[in-house]
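Chemist: sequence and computational prediction follow.
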Amino acid sequence: MKIAIVERNSDMLDIYRELFLDLPVRTDSFQVLDPSKIVGGAYDLLVSHLGLPYKSNLDRIQRIRHAAPHLPIVMISGCIEYSVDEMMKRGVSRVFYKPKDLLDAMAWIHQMVMRDQVVNHPTMVATSF
């Protein structure tokens, strides 16, 4: 499974990388959500924060959702600018708030990765990543 992580905070990126170490995934990280880098089948999961200093990622999420309707999009944010309902209407699959929901978010991502392994790689044995 290939995961795109959009996070402008380098400390959070380090946390994500550490949390993903035990999973059979490849990750790319970006500080800015660029739909052209996400769509086209390059990723199986998008993990993003909500806001940038000057613009919400929701507009970009909508463009990604339109171009890649089956891509799971997880919003992990410390920002409460939009309601969960509004984010879901704009294309977000799941919403978690940091820091309080971070472990729940990682558990959900872990389930997605394990489901992908069972469905797409049933005989794969993970030895190192």
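Modeler: Perfect, thanks for sending it.

Chemist: residue boundaries of the strands in the protein?
Modeler: For the chain, the strands defined by DSSP state E occupy 2-6, 26-30, 45-48, 73-77, 94-97.

Chemist: surely V32 meets V6?
Modeler: Yes: using Cβ atoms under 8 Å, V32 is in contact with V6, at 7.3 Å. Using the backbone N, CA and C atoms, a C-beta is placed for each residue, glycine as well.

Chemist: these two: which is more packed in?
Modeler: Neighbour count, other Cβ atoms under 10 Å: between V32 and V6, V6 has more, with 25 against 11.

Chemist: let me know how buried F30 is, in neighbour terms.
Modeler: F30 has 16 nearby residues by other Cβ under 10 Å.

Chemist: for it, give me the pLDDT.
Modeler: At F30, the model reports a pLDDT of 82.

Chemist: how far away is the residue most central in space within the chain from A67?
Modeler: By Cα atoms, centre = their mean, the chain has its centre lying nearest to V47, at 1.3 Å. The gap separating V47 from A67 is 18 Å, by Cβ to Cβ, to the nearest Å.

Chemist: longest helix in the protein, by residue count?
Modeler: Of all the elements of type helix in the chain, the one with the most residues (DSSP state H) is helix 102-120.

Chemist: which residues touch that one?
Modeler: 1, 3, 15, 19-20, 23-25, 44-45, 47, 72, 74, 76, 94, 96, 98, 124, 126 (Cβ atoms under 8 Å, 6 or more residues apart in numbering).
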